[in-house]
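Novice: return a 3D structure for these sequence lines:
(chains A and B)
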Amino acid sequence: MADNDIWVTGVGLVSCAGEGRAAHLAALAGTAPPLVDAASFAPYPIHPGPALELDRQIPKKGDQRQMEGWQRLGTYAAGLAIDDAGARGLVGEMDLIVAAGGGERDIALDDAVLAALAPLPPEQAAVKLNEMLATGLRPTLFLAQLSNLLAGNISIVHGVTGASRTFMGEESAGADAVRIGAARLASGSSRIALVGGAYVAPRWDMLLLYNAAGVLRRGPWTPVFSREDAPGAVTGTQGAFLVLETAEGARARGVRGLARLGAIATGQARRSAADPGHEAMAQAYARLAKRLPEGRLPVISGCTGATTATVLEREVLGGFARPLAVRATGSRIGWGVEATFPANIALAALCLSEGRFPAPMEPLEAPFEDAPTDILVTGFAAWRGEALAHLSAIPAGDQP
Amino acid sequence: MSAALRDHAGRPLVAVTGIGLVTPLGLGIVDNWAALRAGRSGIRRITRFPTDHLRTTIAGTVDLPNEDTGAMVSAQRVTRYATLAAEEALATAGFGPSGTRGGGFPGPLMLGMPPVETEWPYRFALARRAAPNAPAYPALVEAAARWDELYELAAFAGVGERLAERLGTRGAPIAISTACATGASAIQLGVEAIRRGEAEAALAIGADGTVQPEALIRFSLLSALSTRNDDPARAARPFEKTRDGFVMSEGAACLVLESLEHARARGAKVLGLIRGCGEKSDSFHRTRSNPDGGAIIRAMRNAIEDAGLEPGAIDYVNAHGTGTPENDKMETLGMRAVFGEGAPPISSNKSMIGHTLSAAGAIEAAFSLLALRDQVLPPTINHEEPDPAITLDVVPNAARPAKVTNVLSNSFGFGGQNVCLVISGEPA
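Specialist: Alright, predicted model coming up:
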């Protein structure tokens, strides 16, 4: 069976830092606090996304109308990635793996229903609920809410019609989308894949979900590793897609890779006393470590700031027993749930391609001035789920 | 590894060694298969919630002894049905029940399930918690603070986490949604992991439990559902002239997948092989196939090619067969394109169990395996008035003995996600 080298040949990024490679490289180079909206969803700060010129990636107004913000953002970012890889001609046989959340609910309808029905006895409320939903729900909103319809819209708008899978499972879904996409390429099942996800931060329905998990920061924005006063994540709008392809396929069509995507390991500990979660990631690192160079290891961390996950990641990284230079990208673009891991792979690939590592944002982030040759990407989810990935620079001689 | 354990492409052959089933027809493969062979319908009037103001008041719902599935939210039903199906499948396959994480089952969990969210019972509960504040979102968000149970039921990873812990599967479970093809996608993920050598075995589950008011209304607003409320058992009429939509349903199926080598080495009884998986997505429309049928034709051909077979080797097709006017017409077009005039018999389990949505691909794969085992084709019931546009042999109304070696199971989803499986008997 084939065992192909996998390259990242395109990234499609949208976040509070802007859209595209240049905006994100600038954000990584700078140390200014990111764009924050502290008021609209107080006491929860969020990182809003930029205004998008949707017509550039979703040319038909009819398509735009069939979606809400989450599907539009994902479809837009997917298009950026395809363009970035120069892969418009390959969409017909391109694999698509989307890490999906849920689409927007009709907040006004939800509020109206509860205002009218919460005071009623349950039997009466149940009957009235049918009536209000049957007359109030817009048919198109169902499709805009369906998780697998982000993939469906990417197929419709961009013509991506190879394998299509939608993974569900918060951050883990993002890590598995990258892992399975790469595994299909490595085994020769496919030669090019589009993988990623999207998250829209200004959404009450999502804040409700993640506040139930107790993983949101209440209070003013600070960098991720400086949140002892109120541990938690600051959600950020993110669209993050990657084009992955076999090195052989990329070279054959004369396309440069940004980075080589090596091993990806995922796990899911209970994070309980019996299963705290260190062991699986320590073993995963031990397997990766054989391919890592000596010296200070640059780490692009998906750390959220939520207590349990942050402590677990610190202890696991501490167990590597080597000097590290950690950068929490959450300090620059927030926490984008399903999009987080693909976004961090994209940022690591940009760093390797440009030979630059992000400037430190806070004392815990050790300086790293050299051009990185290898980067470890971490994904310790706010609730459960752990992932590690190894990316390396592509030697000039291997590029086409 | 000897050649007999590998397929035409040199990949490990993937065996099914355990099956579990939960549908509106009953619990377990014995009851389900008996009812399906007898042509019995599991569709009935909805009693789990009031149906006033609804255009459709029928569905397939799962009744469990001593459990009120109507009092559960979707995530709880999905978890419950999936657990029951998995425990039956593991027992059939000779894997003992295990709560030992990482120790029980020698492979990952691939879970096909619907998207879940905070449902109305919890929204009302949040409104009560938020009182005396008005029950608008900002107050609900505050009232939700650190309510772990709510999070675990509304987060997408929750169902898989609970199942993985209970069933002892390895690593992080993957939850997948490809609309009505979900169950088949879960099986495909398991087959691929075994073929790549990542695991010797995988547990593939398709489960759904979304018969609740808002979900029913959403499908109803798409005009996808049958409104033949007066006669529930006769409402699902795939391939029949007077079909008027699908009937929402729920349930679960689980397949224990393992490399044939692994199954033989441990002396497990092989129930069949998943020989081929094919998929092809459509870029035409959110709820309709391209009128040329290109994607569903390609998905069927991809599965047959992946199995190393020619179309003529397929003896029976387990249809997607939803009973919507559009699907059945397109599936007929696809059948003729792939098989020509000599198309094999095709029947729709959905005529009896309804459309179990995210579970359908897995449930129908399970029934396909039972058809292979017993050499009998389950019927398409409610076939009263043939549709002149549908010229296929749909195994009308009564099960039929037949020689079956290879089955094609079709699953076509909203959003253009089409997945087909080729399921075969054990090689000699």
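
Novice: I'd like the next helix or strand past the strand or helix carrying B:Y81.
Specialist: Counting by DSSP states H and E, the element that carries B:Y81 is helix B:74-93. On the C-terminal side of helix B:74-93, the nearest following helix or strand under DSSP H and E is strand B:109-112.

Novice: mind listing the helices for chain B?
Specialist: B:28-37, B:74-93, B:120-130, B:137-143, B:148-154, B:157-167, B:182-195, B:213-221, B:260-265, B:294-306, B:325-339, B:350-353, B:360-374 (DSSP state H).

Novice: list the buried residues in the third one.
Specialist: Within helix B:120-130, the residues that qualify as buried are B:120, B:122-127, B:129-130, counting by 16 or more other Cβ atoms under 10 Å in any protein chain shown. Just so you know, the C-beta spots here come from the backbone N, C-alpha and C atoms, and that holds for glycine as well.

Novice: closest to chain A out of those?
Specialist: Of all the buried residues of helix B:120-130, B:A127 has the smallest distance to chain A: 4.0 Å, by Cβ to the nearest Cβ.

Novice: quick one: contacts for A:V113?
Specialist: Residues in contact with A:V113 (Cβ atoms under 8 Å, 6 or more residues apart in numbering or on different chains) are A:129, A:132-133, A:136.

Novice: of the residues you listed, which are in range of chain B?
Specialist: Contacts with chain B within these, counted by Cβ under 8 Å from any Cβ of the partner chain: A:129, A:133.

Novice: buried subset of the contacts of A:V113?
Specialist: Buried among the contacts of A:V113 (16+ other Cβ under 10 Å): A:129, A:132-133.

Novice: just to revisit the earlier point, which of the helices of chain B sits most buried?
Specialist: Sort these by mean neighbour count, taking mean count of other Cβ atoms under 10 Å in any protein chain shown, and helix B:350-353 sits at the top with a mean of 30.

Novice: starting at the chain centroid, how far to that helix?
Specialist: Its chain's average C-alpha position is 12 Å from that of helix B:350-353, according to Cα atoms, centre = their mean, to the nearest Å.

Novice: please name every helix or strand in contact with it.
Specialist: helix B:28-37 (3 or more Cβ pairs under 8 Å, 6 or more residues apart in numbering or on different chains; DSSP states H and E).

Novice: dump the helix it packs on to PDB, restricted to CA.
Specialist: Output of helix B:28-37 as PDB, limited to C-alpha atoms (Å, rounded to 0.1, in the frame of the first residue of the first chain):
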ATOM      1  CA  GLY B  28     -32.700  -7.300  18.100                       C
ATOM      2  CA  ILE B  29     -32.100  -9.000  14.800                       C
ATOM      3  CA  VAL B  30     -34.500 -11.900  15.400                       C
ATOM      4  CA  ASP B  31     -37.600  -9.800  15.900                       C
ATOM      5  CA  ASN B  32     -36.600  -7.200  13.300                       C
ATOM      6  CA  TRP B  33     -35.800  -9.700  10.600                       C
ATOM      7  CA  ALA B  34     -39.000 -11.700  11.300                       C
ATOM      8  CA  ALA B  35     -41.100  -8.600  11.000                       C
ATOM      9  CA  LEU B  36     -39.400  -7.400   7.900                       C
ATOM     10  CA  ARG B  37     -39.700 -10.700   6.100                       C
END
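
Novice: what angle separates that helix from helix B:74-93?
Specialist: Using axes from the mean of the first three to the mean of the last three Cα atoms, to 10 degrees, the inter-axis angle of helix B:28-37 relative to helix B:74-93 is 100 degrees.

Novice: which residues does helix B:28-37 contact?
Specialist: B:19-23, B:25-26, B:42, B:88, B:92, B:349, B:352-353, B:366-367, B:370, B:374, B:376, B:378, B:399.

Novice: next: stretch A:272-287.
Specialist: So stretch A:272-287 is contacted by A:263, A:265, A:267, A:269-271, A:312, A:315-316, A:319-320, A:376, A:386, A:388, B:101 (Cβ under 8 Å, 6+ apart).

Novice: distance from that stretch to the middle of the chain?
Specialist: The chain centre lies 23 Å from the centre of stretch A:272-287; the measure is Cα atoms, centre = their mean.

Novice: could I get that stretch in CSV with only the CA atoms?
Specialist: Taking C-alpha atoms only, stretch A:272-287 is exported to CSV below (Å, rounded to 0.1, in the frame of the first residue of the first chain):
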residue,chain,number,x,y,z
SER,A,272,-10.9,12.0,35.4
ALA,A,273,-8.7,10.7,38.2
ALA,A,274,-8.7,7.3,36.6
ASP,A,275,-8.1,8.6,33.1
PRO,A,276,-6.4,12.0,33.4
GLY,A,277,-5.2,12.1,29.8
HIS,A,278,-1.4,12.3,30.1
GLU,A,279,-0.5,8.9,29.0
ALA,A,280,-1.9,8.8,25.4
MET,A,281,-0.4,12.1,24.5
ALA,A,282,2.9,11.2,26.1
GLN,A,283,3.0,8.0,24.0
ALA,A,284,2.0,10.0,20.9
TYR,A,285,4.8,12.4,21.5
ALA,A,286,7.3,9.7,22.0
ARG,A,287,6.4,8.3,18.5
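
Novice: give the buried residues for it.
Specialist: Here stretch A:272-287 shows A:277, A:280-281, A:284-285 as buried, counting by 16+ other Cβ under 10 Å.

Novice: among those residues, which two are most distant?
Specialist: A:G277 and A:Y285 (12.9 Å; Cβ to Cβ).

Novice: and the pLDDT for B:R286?
Specialist: For B:R286, the pLDDT comes out at 82.

Novice: scratch that, A:F142 is what I was asking about
Specialist: Looking at A:F142, its pLDDT is 88.

Novice: enumerate every residue touching it.
Specialist: Counting by Cβ under 8 Å, 6+ apart, A:F142 makes contact with B:218-219, B:221-222.

Novice: shaky segments in chain B?
Specialist: Along chain B, the parts satisfying pLDDT under 70 run over B:1-3, B:97-103, B:428.

Novice: which residue does it have closest to chain A?
Specialist: Closest point on chain B to chain A, by Cβ to the nearest Cβ, is B:G415, at 2.9 Å.

Novice: my guess is A:G86 contacts A:G10. True?
Specialist: Yes - if you go by Cβ atoms under 8 Å, A:G86 and A:G10 touch, sitting 7.4 Å apart.

Novice: just send the contacts of A:V113 back as CSV, with pLDDT and secondary structure too.
Specialist: Output for those, formatted as CSV (pLDDT from 0 to 100; DSSP: H, G, I helix; E, B strand; the rest coil):
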residue, pLDDT, secondary structure
A:L129, 98, helix
A:M132, 98, helix
A:L133, 97, helix
A:G136, 96, helix
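
Novice: how close does A:P33 sit to A:A233?
Specialist: Applying Cβ to Cβ, to the nearest Å, the value for A:P33 to A:A233 is 16 Å.

Novice: looking at the two, which is more packed in?
Specialist: In terms of neighbours (other Cβ atoms under 10 Å in any protein chain shown), A:A233 is the more surrounded of A:P33 and A:A233; the figures are 26 against 12.

Novice: per-residue pLDDT of that one, please?
Specialist: If you check A:A233, the pLDDT there is 98.

Novice: may I have the phi/psi pair for it?
Specialist: Main-chain torsions, A:A233, degrees, to the nearest 10: phi -90, psi 150.
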